[in-house]
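1. Sharing a sequence plus its predicted fold:
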Amino acid sequence: MQDYSWSAPGGYVAILLEEVWKSFKGNTVLRGVDLRVPRGSVYVLAGPNGSGKTTTIRTILGLYRRDRGRILVLGCDPEDSCWREVVRRTGYLPEDASPYERLTGYENILFYAKLHAEGDPRRIKELVERAVDISGLSRSELHKRAGAYSKGMKRRLLLATSLMHNPELVVLDEPTSGLDVFSQHAIRRLIRSLAQEGRTILVTTHNLLEAELIADYVGFIYKGTIVYEGPVHEAIKKFNASNLEEAFIRCIDSMGR
């Protein structure tokens, strides 16, 4: 079990995993994952490709059913009846998400606004306005088909549709993967601004240097296990490293990889 002495003031945790295991067809992917995300923080789950990041995210969100272990998200187990309310309070962007490419950017936003607003015209308008603002796309860009967008523009559009309903918890799987430096910078700024509003942000990445730029807390995941968890500055100090990437490598090396 992890040492949670660093957890948020008052002990309020937005996401808690204890001894979570998950296998697919006899292949064990998560091996007793312990993870704690303090409320109102940016927590980055960092590790190489194939380490279990996406499986952890999908298990947290109830998209995969755990084999065993304990999960609480905003105080609710994904298998309990309260889960529907947690879903309403959560924004999720998968790594492989894509907009409806035959629709314009604006039409994509309107589609999701109608889903969230459940037929309330005033609410639809509010959601559309918020999403347009989050996207940072110009009026002319919003009226182009999403299929003509660059990868960075598509990602900004998808972030806007994921965040338009003001979620309390935001889960982003590799949000800057494959983007150019300007798009990466814009998304990192958005993540930090969301945290300043008091939201809890859980991000996965294999880019440890990026993690250092945005994270309050970091979890190193390797071969399906959390091998370190805590504040970023403490990780760097603990492993006598100059940055988070070096801290990760020294952490893994200390295990005799």
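-> Good, I have the coordinates.
2. Where do the helices of the stretch 151-257 of the chain begin and end?
-> 151-163, 181-196, 208-214, 232-238, 244-254 (DSSP state H, counting those that start in this stretch).
3. now for the longest one, which elements pack on it?
-> Helix 181-196 makes packing contacts with strand 42-46, helix 151-163, strand 200-205, helix 208-214 when contacts are defined by 3 or more Cβ pairs under 8 Å, 6 or more residues apart in numbering; DSSP states H and E. (Each C-beta comes from the backbone N, C-alpha and C, glycine too.)
4. Could I get the ones you listed in a markdown table, plus columns for distance to residue 71 and mean neighbour count?
-> Putting the helices and strands packed on helix 181-196 into a markdown table (distance: least, Cβ to Cβ, whole Å; neighbours: other Cβ atoms under 10 Å) gives the following:
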| stretch | distance to residue 71 | mean neighbour count |
| --- | --- | --- |
| strand 42-46 | 14 | 27 |
| helix 151-163 | 21 | 22 |
| strand 200-205 | 13 | 26 |
| helix 208-214 | 23 | 20 |
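5. Point me to the helix or strand that includes residue 91.
-> Assessed by DSSP states H and E, residue 91 sits inside strand 90-93.
6. what element comes up after that strand heading to the C-terminus?
-> Downstream of strand 90-93, the next assigned helix or strand under DSSP H and E is helix 105-117.
7. and that following helix, how far from the chain's centre?
-> Distance, stretch centre to chain centre, for helix 105-117: 21 Å (Cα atoms, centre = their mean, to the nearest Å).
8. Dump the helices and strands packed on helix 181-196 to a markdown table, plus mean pLDDT and distance to residue 12.
-> A markdown table is the format used below for the helices and strands packed on helix 181-196 (pLDDT from 0 to 100; distance: least, Cβ to Cβ, whole Å):
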| stretch | mean pLDDT | distance to residue 12 |
| --- | --- | --- |
| strand 42-46 | 96 | 14 |
| helix 151-163 | 94 | 22 |
| strand 200-205 | 96 | 10 |
| helix 208-214 | 93 | 21 |
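9. Using TSV, please lay out those together with distance to residue 65.
-> Shown next, in TSV, are the helices and strands packed on helix 181-196 (distance: least, Cβ to Cβ, whole Å):
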stretch	distance to residue 65
strand 42-46	20
helix 151-163	23
strand 200-205	19
helix 208-214	28
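10. Tell me which of the ones you listed lies nearest to residue 106.
-> helix 151-163 (9.6 Å; Cβ to Cβ).
11. Relative to the whole chain's centre, how far out is that closest one?
-> 14 Å.
12. care to break this structure down by domain?
-> The chain breaks down into these domains under automatic domain parsing: 8-89+169-178+196-257, 93-166.
13. what residue ranges in this structure score low on pLDDT?
-> Low-confidence segments of the chain (pLDDT under 70): 1-11, 257.
14. Recalculate using a threshold of 50.
-> Where the chain drops to pLDDT under 50, the residues are 1-10.
15. now residue 90: how far from residue 74?
-> 8 Å (Cβ to Cβ, to the nearest Å).
16. Now for those two: what residues contact both?
-> Any residue near both residue 90 and residue 74 by Cβ atoms under 8 Å, 6 or more residues apart in numbering counts here, and that gives 168-169.
17. between these two, who's got more neighbours?
-> Each of residue 90 and residue 74 has its neighbours counted (other Cβ atoms under 10 Å); residue 90 has more, 20 against 17.
18. just checking, that one touches residue 61?
-> Yes - with contact defined as Cβ atoms under 8 Å, residue 90 counts as touching residue 61 (7.3 Å).
19. quick one: common contacting residues for these two?
-> 73, 171.
20. who touches residue 174 in this structure?
-> By Cβ under 8 Å, 6+ apart, residue 174 lies in contact with 53-54, 95, 204-206.
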